[in-house]
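Student: Pasted the sequence and its predicted model underneath.
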Amino acid sequence: MKRLKIIIQLIIFSVILLICTKINAASITLSPNKSTMEEGEEFTVSVNLSGASLASLNARVSIDTSKVEYLSSSEPNNTNFNNERILYTWTDASGGANPKTSGTLVTFTLRAKSKGTASFTISGNFYDSEENSVSLTLTGTSVNINGTETEETPPPVTENNNAGENEQKPPEENREPETPPQQNEENNNNNNNNNSNQEPPQQTPQENNSLNSNAYLSSLQVSVEGISPRFNRNTTNYYLIIDNTIDTVNVTATPEDANASVLVTGNTNLQIGVNKITITVTAQNGTTKRSYIINVTKTNDPNNANTNLENLAIEDAILSPEFNRDVLEYTTSVGSNVENINILAIPEIEGATVNITGGNNLQFGNNIVTVTVIAKDNVSSKIYNVSVYRKTETEEIEEMALLEENNNLNNIDNNVVSNNIKNNVQKNNIVLWMTFILLFVALILILGYIIWKKRKKDNFGR
């Protein structure tokens, strides 16, 4: 009897092992040809199949278009790109005689756009030569994109109240022989206002061509809470409300390039009303400059200086991103027949006023709509920008055709998946019953053998 139990356990274990091996063997993985690259560099991502034989497939690879740009496919006739997805469809024209097996299915070429981590995921429907759905393990991937600027972390340039402590002057041989009187006056004013002043070395035109032109900040911080919007290297206007007892706002501005210089002005001797703090970044080449402005309102009543919107919406259009009072830049699109748009802009504080420009006589393509909020004090103001794209009739026709094509594909996929699910359920039931029947037959045979052996032994004993 002990031997019988061992045999039964071995049979059950073998059946389970075969089923699990069959399920887990098939997979599709995304593989980039390099895991790290620079901005602007091209790279490839391959779709690799393992452990299965496919007669048709409909794969969808999702990409992060803020980080990478789709360029081409190794099978352009079977590939489309739409709505941040690469659509790849393939069917064996021979009806399954030449299926795709283990190996590379297709390769996509992309270009790195901005630094960060770009992720790729894959989904889709896969079928064998009998039009049965094939279950696959789908694995995505990601790549790291580095900036083209120097990777060394620059020391922060911090504004403080001690005149000249952080002032960095260029070597004597690189300094201009003579400073114009106007520049001398500006420098004197900067020193009196306790501002950090880093003067870039003067370079010859030939030297400028080989020097870095990066004039972006990597971070911007102030000593008073409440600055908005959140820092972004491409956002140059910020807003801050301070109490009337504050005379100085310390600024910490760090350039992306360690060789760039930063000049902070207007952050001391703040007056009641609106003050502008200017952070000027001068690139290593000495000619490329970028200015960041902090609009500081000094007041004894913050509500009177409130320039936030409580709500912003456009009739029959969707804002992207979703409205947030601290987000100042939005995009949306309208149809070709829309020449004027109705904008709802409600300020947070009653008594503030809103001025809207650019919402009428929209041109085809991009239009900038400006929403200016003027605070109750009639001094403070904030600007919200909405980029409105007006489509052409041709673009709408193409969009409708693509939408209809995708709907048809989805309907076909849903019908095929539904039928395949039914077929798979039936097949699974058959396999299950066959397994039980085989086990039952095996048990009968084993019991019959044991009974036969016992009877034979008894007859021999007589």
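Tutor: Yep, it's here. Numbers count the residues shown, from 1 in each chain.
Student: All the helices of the stretch 251-400 of the chain, in order from the start?
Tutor: Applying DSSP state H, counting those that start in this stretch to the stretch 251-400 of the chain gives helices spanning 393-461.
Student: which residues of it fall in strands?
Tutor: For the stretch 251-400 of the chain, applying DSSP state E, counting those that start in this stretch gives strands covering 251-255, 261-265, 273-282, 289-299, 309-314, 329-334, 343-347, 353-357, 365-374, 381-390.
Student: For the closest residue to residue 74 other than its chain neighbours, give its distance to residue 332.
Tutor: Excluding the flanking residues, the one nearest residue 74 by Cβ to Cβ, 6 or more residues apart in numbering is residue 107, at 4.2 Å. Yep, even glycine has a C-beta here, placed from its N, CA and C like the rest. Counting by Cβ to Cβ, to the nearest Å, the separation of residue 107 from residue 332 is 36 Å.
Student: Residue 435 now?
Tutor: 58 Å.
Student: Ok, residue 344 next?
Tutor: In this view, residue 344 and residue 332 are 13 Å apart by Cβ to Cβ.
Student: repeat for residue 225
Tutor: As judged by Cβ to Cβ, residue 225 and residue 332 stand 32 Å apart.
Student: Those two: who's more crowded?
Tutor: residue 332 (17 against 7; other Cβ atoms under 10 Å).
Student: Would you mind measuring from that one to residue 372?
Tutor: In this view, residue 332 and residue 372 are 18 Å apart by Cβ to Cβ.
Student: Show me what residue 252 bridges to in the sheet.
Tutor: residue 158, residue 221 (DSSP bridges).
Student: does residue 247 really touch residue 270, like I thought?
Tutor: Yes. The pair residue 247 / residue 270 is scored as a contact, 5.5 Å apart, by Cβ atoms under 8 Å.
Student: Give me the contacts around stretch 219-226.
Tutor: 156, 231, 238, 240-242, 246, 249-254, 279, 292, 294 (Cβ atoms under 8 Å, 6 or more residues apart in numbering).
Student: Next, the distance between the ends of that stretch.
Tutor: 16 Å (Cα to Cα, to the nearest Å).
Student: Buried residues of that stretch, list them for me.
Tutor: Neighbour counts over stretch 219-226 (16 or more other Cβ atoms under 10 Å) mark 220, 222 as buried.
Student: circling back to that earlier point, output the strands of the stretch 251-400 of the chain in CSV, with mean pLDDT and distance to residue 397 appended to each entry.
Tutor: As requested, these are exported to CSV (pLDDT from 0 to 100; distance: least, Cβ to Cβ, whole Å):
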stretch, mean pLDDT, distance to residue 397
strand 251-255, 93, 48
strand 261-265, 95, 51
strand 273-282, 94, 46
strand 289-299, 93, 41
strand 309-314, 93, 23
strand 329-334, 92, 15
strand 343-347, 93, 28
strand 353-357, 93, 31
strand 365-374, 93, 17
strand 381-390, 92, 15
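Student: For residue 218, see how far away residue 258 is.
Tutor: For residue 258, the distance to residue 218 (Cβ to Cβ) stands at 10 Å.
Student: One more: residue 398?
Tutor: Residue 398 is 40 Å from residue 218, where distance means Cβ to Cβ.
Student: neighbour-wise, which of these two wins?
Tutor: Legend: neighbour count by other Cβ under 10 Å for residue 398 and residue 218, higher for residue 218 (17 against 12).
Student: quick check: angle from the helix or strand harbouring that one to strand 273-282?
Tutor: Element membership for residue 218 (DSSP states H and E) is strand 217-222. Strand 217-222 and strand 273-282 are oriented at 150 degrees to each other (axes from the mean of the first three to the mean of the last three Cα atoms, to 10 degrees).
Student: Quick check: mean pLDDT of strand 217-222?
Tutor: When pLDDT is averaged along strand 217-222, the result is 94.
Student: Likewise for stretch 438-456?
Tutor: pLDDT averaged over stretch 438-456 gives 81.
Student: Return the distance of that stretch from the chain's centre.
Tutor: Mean-position distance between stretch 438-456 and its chain equals 65 Å (Cα atoms, centre = their mean, to the nearest Å).
Student: list the buried ones in stretch 261-270?
Tutor: Applying 16+ other Cβ under 10 Å to stretch 261-270 flags 261, 262, 263, 264, 265, 266, 267, 268, 270 as buried.
Student: what about the first one, distance to residue 291?
Tutor: By that I understand residue 261. Remark: distance between residue 261 and residue 291 (Cβ to Cβ) = 13 Å.
Student: Next: the third one.
Tutor: Residue 263 sits 9 Å away from residue 291, going by Cβ to Cβ.
Student: end to end, how far does stretch 366-385 reach?
Tutor: One end of stretch 366-385 to the other measures 12 Å (Cα to Cα).
Student: Not counting it itself, show me its contacts.
Tutor: By Cβ under 8 Å, 6+ apart, stretch 366-385 touches 237, 239, 241, 273-274, 295, 297, 299, 301, 303-309, 312, 328-330, 341, 343, 345, 347, 349, 351-359, 386-390.
Student: Over to stretch 138-145?
Tutor: Contacts for stretch 138-145 (Cβ under 8 Å, 6+ apart): 27-32, 34-39, 43, 45, 67-68, 112-124.
Student: switch the cut-off to 6 Å
Tutor: Surrounding stretch 138-145, the residues in contact under the criterion Cβ atoms under 6 Å, 6 or more residues apart in numbering are 28-30, 32, 35-37, 112, 115-122.
Student: ok now it, how far from the chain's centre?
Tutor: The chain centre lies 13 Å from the centre of stretch 138-145; the measure is Cα atoms, centre = their mean.
Student: Stretch 327-341 too?
Tutor: Chain-centre distance of stretch 327-341: 23 Å, with Cα atoms, centre = their mean.
Student: Equivalent analysis for stretch 437-451, please.
Tutor: With Cα atoms, centre = their mean, you get 61 Å for stretch 437-451.
Student: now do stretch 398-407
Tutor: 25 Å.
Student: from here on, count from 55
Tutor: Taking 55 as the first residue, the last one we looked at is stretch 452-461.
Student: Send over that stretch as PDB, restricted to the C-alpha atoms.
Tutor: As requested, the backbone C-alpha atoms of stretch 452-461 are provided in PDB (Å, rounded to 0.1, in the frame of the first residue of the first chain):
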ATOM      1  CA  GLU A 452      -7.600  62.000 -40.300                       C
ATOM      2  CA  GLU A 453      -8.300  61.800 -36.600                       C
ATOM      3  CA  MET A 454     -11.800  60.400 -37.200                       C
ATOM      4  CA  ALA A 455     -10.500  57.800 -39.600                       C
ATOM      5  CA  LEU A 456      -7.800  56.700 -37.200                       C
ATOM      6  CA  LEU A 457     -10.300  56.600 -34.300                       C
ATOM      7  CA  GLU A 458     -12.700  54.500 -36.500                       C
ATOM      8  CA  GLU A 459      -9.800  52.100 -37.400                       C
ATOM      9  CA  ASN A 460      -8.800  51.700 -33.800                       C
ATOM     10  CA  ASN A 461     -12.500  51.000 -32.800                       C
END
